[in-house]
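pasting a predicted model and its sequence here:
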Amino acid sequence: LKGFGEIISLLRIPVLSSAEGGRMFVLTLFSGSFLSGIGFSQWLRGENKEWKKFMLVFAVILLCSYAIGFSQYRSVGSVSQFLKHIFIPLGIFFVFTASTFFTNRIKNIKVLFFVLSIFIVLLTFFDFYRNTYRFLTFSNEKFLYPEIGVTKFLRSLDPTTLGRTQGLTESEISSYLRIPTVETYDPMYSLRTARLLNALQGIDDSSLQINKYRVIPGRPETKRVYDFMGVSNIVVSKGVNPAMVLYASVDKQTDFDLLYTDDVFMVYKNKTAFSRFGLFSTYNVESSDETILQKIVSNVGALKNEVILEETLPEDPKSGDGTVSMVRYTQNIQEFSIETQEPTLFYISDTFDEGWLAKINGQHVKTYRANYNEKAVFIPAGKSILRFDYVPKNFAPGMYISLAGVVSIVLVGGIGLLQRKSN
């Protein structure tokens with residue numbers, strides 16, 4: 001589809017794409033757009049000769065576009081693969097185009113006309129759902145995320161530690177397989193998270209990435225990222241020294257213990273990685289973002305024992321015996337069991353967001369932003385069940401608006417039906 005995509009770009013036609021212009025993957029649902037533009041009932045009548053001419057012209061343009069794509073693809077890829085990719089969408093288009101010219105001839109045969117109507121709707125949207133099923137991120141393990149030995153091993157590790165992993169091919173694989181990672185492939189990733197990771201790597205904010213975040217390996221500063229963010233599992237190719245790959249130095253190779261190896265990959269444990277969550281009795285208060293980042297970068301090791309908050313707690317945490325364990329961890333729920341003799345501060349290396357609502361034993365409590373962009377909660381003495389629920393602030397309004405829209409459609413449709421019967 002490369003030639004077709006280039007024509008769309010040249011003519012400045014707006015399209016819905018899953019990537020930036022240089023890597024455009026476009027699904028051009030022509031028949032669906034056509035039906036929406038002229039109206040399904042108007043198309044079924046088949047009385048307009050002008051848009052029939054338009055269909056023929058568009059068919060010629062489409063064939064020319066595929067010819068351009070074929071001429072460019074032939075030198076870099078398989079011709080059979082190219083034909084395989086365009087066979088179904090091209091077939092759908094020409095069946096749809098052909099049916100345009102005889103719908104008015106069978107409209108008096110009600111059963112056949114009804115069957116044709118349903119067939120065209122299904123045919124029109126079949127390729128859309130086919131592509132969605134195959135290519136939508138996180139949708140299909142069969143096509144995108146087949147498990148191999150290294151991913152099976154990583155998933156078999158103790159999930160209650162929430163230890164992050166570094167080194168899988170792409171970060172969306174980690175997301176799909178529920179393997180925690182620092183990197184992200186998400187257009188909605190937190191800007192503060194990117195700034196924190198940049199600061200830890202000694203990179204200025206002018207180089208913030210567009211729709212994902214990849215940690216840059218091969219630099220001594222990278223160690224701050226992996227330690228601070230709790231990256232405890234490192235994946236490298238077999239025979240590769242992880243210290244050289246990550247930090248461009250052999251000085252830190254004693255920080256790693258080998259956990260797994262196969263014919264292709266090796267997995268090492270990063271012994272200096274911070275725990276993803278824990279209980280703290282010491283904290284500092286800083287209100288300036290710049291100051292917080294400077295403190296984190298200048299003395300990241302100190303944050304193994306203390307937390308930086310942006311406001312004062314209602315009561316100072318105290319030193320004492322305490323335990324914390326993970327009970328549940330999903331995309332929208334995080335639950336921990338805590339027992340402590342003294343009031344303490346619970347900290348988790350997980351992105352702070354106003355949508356995370358915290359409860360202790362069923363009672364709402366305040367979530368504090370900690371270490372620039374992570375989460376912390378003040379915990380009273382005794383036994384507590386701390387639970388975070390992710391409820392975005394726009395979720396409820398969106399749900400009510402959608403419900404109102406459905407009710408409005410039903411009412412308008414019902415009124416229209418009653419008026420038609422009365423006429």
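Cool, got the structure.

drop to CA atoms for contacts and neighbour counts, all remaining ones
Fine.

tell me, how many residues neighbour the nearest residue to residue 286 once chain neighbours are set aside?
Among residues not flanking residue 286 along the chain, residue 310 sits closest, at 5.1 Å (Cα to Cα, 6 or more residues apart in numbering). Other residues lying near residue 310 total 17 when counted by other Cα atoms under 10 Å.

now do residue 310 against residue 129, distance only.
Relative to residue 129, residue 310 is positioned 47 Å away (Cα to Cα, to the nearest Å).

same thing with residue 114?
Distance from residue 114 to residue 129, by Cα to Cα: 23 Å.

elements contacting the helix ranked longest in the chain?
Assignment by DSSP state H gives helix 395-422 as the longest helix of the chain. Applying 3 or more Cα pairs under 8 Å, 6 or more residues apart in numbering; DSSP states H and E, we find helix 395-422 packed against no helix or strand.

which residue ranges of the protein form helices?
Going by DSSP H, the chain shows helices at 2-10, 30-38, 40-45, 49-73, 79-99, 110-135, 141-144, 149-156, 171-176, 191-201, 222-228, 242-247, 289-298, 395-422.

so which of those helices gets nearest residue 327?
Closest approach to residue 327 among the helices of the chain is made by helix 149-156 (17.1 Å; Cα to Cα).

hmm, who's touching that closest one?
Here helix 149-156 makes contact (Cα atoms under 8 Å, 6 or more residues apart in numbering) with 177-179, 260-262, 265-267.

got a markdown table for the residues you listed, with neighbour count too?
Formatted as a markdown table, those follow (neighbours: other Cα atoms under 10 Å):
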| residue | neighbour count |
| --- | --- |
| 177 | 17 |
| 178 | 14 |
| 179 | 21 |
| 260 | 15 |
| 261 | 18 |
| 262 | 11 |
| 265 | 17 |
| 266 | 20 |
| 267 | 25 |
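
restricted to strands, list these.
Those of the contacts of helix 149-156 mapping onto strands are 260-261, 265-267, per DSSP state E.

and the gap between residue 384 and residue 278?
14 Å.

and if you look at residue 401?
Counting by Cα to Cα - residue 401 and residue 278 are separated by 40 Å.

the two: which has the busier surroundings?
Just comparing residue 401 and residue 278: by other Cα under 10 Å the higher neighbour count belongs to residue 278, 19 against 12.

what sits against the more buried one?
Neighbouring residues of residue 278 by Cα under 8 Å, 6+ apart: 324, 346-348.

which residues does residue 56 contact?
residue 97.

before we move on, back to that, could the contacts of residue 278 be laid out in TSV, adding distance to residue 66?
Formatted as TSV, the contacts of residue 278 follow (distance: Cα to Cα, whole Å):
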residue	distance to residue 66
324	60
346	59
347	56
348	52
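
which of the residues you listed tops the neighbour count?
Most surrounded of the contacts of residue 278: other Cα under 10 Å gives residue 347, at 24 neighbours.

partners of that one in the sheet?
With DSSP bridges as the criterion, residue 347 is bridged to residue 278, residue 376.

what pLDDT does it get?
We have a pLDDT of 97 for residue 347.

dump the residue contacts of it.
Residue 347 is in contact with 277-280, 307, 370, 374-377, counting by Cα under 8 Å, 6+ apart.

for residue 218, state which of these is nearest.
residue 374 (25.9 Å).

surely that closest one and residue 356 touch.
No: between residue 374 and residue 356 there is no contact under Cα atoms under 8 Å: 11.3 Å.

Serialize the helices of the chain to a markdown table and add fields for distance to residue 214.
Formatted as a markdown table, the helices of the chain follow (distance: least, Cα to Cα, whole Å):
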| stretch | distance to residue 214 |
| --- | --- |
| helix 2-10 | 27 |
| helix 30-38 | 36 |
| helix 40-45 | 46 |
| helix 49-73 | 30 |
| helix 79-99 | 31 |
| helix 110-135 | 22 |
| helix 141-144 | 20 |
| helix 149-156 | 19 |
| helix 171-176 | 8 |
| helix 191-201 | 9 |
| helix 222-228 | 11 |
| helix 242-247 | 13 |
| helix 289-298 | 19 |
| helix 395-422 | 29 |
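
for residue 152, see how far away residue 174 is.
For residue 174, the distance to residue 152 - Cα to Cα - is 12 Å.

those two: which has the busier surroundings?
residue 174 (25 against 11).

tell me the contacts of the more buried one?
168, 180-181.

what does the pLDDT read for it?
Listed pLDDT for residue 174 reads 73.

hmm, who's touching stretch 280-296?
When contacts are defined by Cα under 8 Å, 6+ apart, stretch 280-296 is touched by residues 196, 199-200, 303, 305-312, 316-319, 344-347, 371-372.

for PyMOL, write the select line for the buried members of those.
To isolate the buried ones among the contacts of stretch 280-296 in PyMOL, judged by 16 or more other Cα atoms under 10 Å, type:
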select buried, resi 196+199+200+303+306+307+308+309+310+317+344+345+346+347+371+372
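
so of the contacts of stretch 280-296, which ones are in strands?
Counting by DSSP E, these place 307-309, 344-347 in strands.

any chance of those in CSV, with distance to residue 89 too?
Formatted as CSV, the ones in strands among the contacts of stretch 280-296 follow (distance: Cα to Cα, whole Å):
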residue, distance to residue 89
307, 56
308, 55
309, 55
344, 60
345, 57
346, 54
347, 51
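
low pLDDT regions in the stretch 101-250 of the chain?
Within the stretch 101-250 of the chain, the stretches with pLDDT under 70 are 127-128, 130-146, 170-172, 185-189, 207, 209-211.

run the last query once more with 50
Applying pLDDT under 50 to the stretch 101-250 of the chain flags no residue at all.

next, the buried residues of stretch 165-184.
By neighbour count on 16+ other Cα under 10 Å, the buried set for stretch 165-184 is 165-168, 171-177, 179-184.
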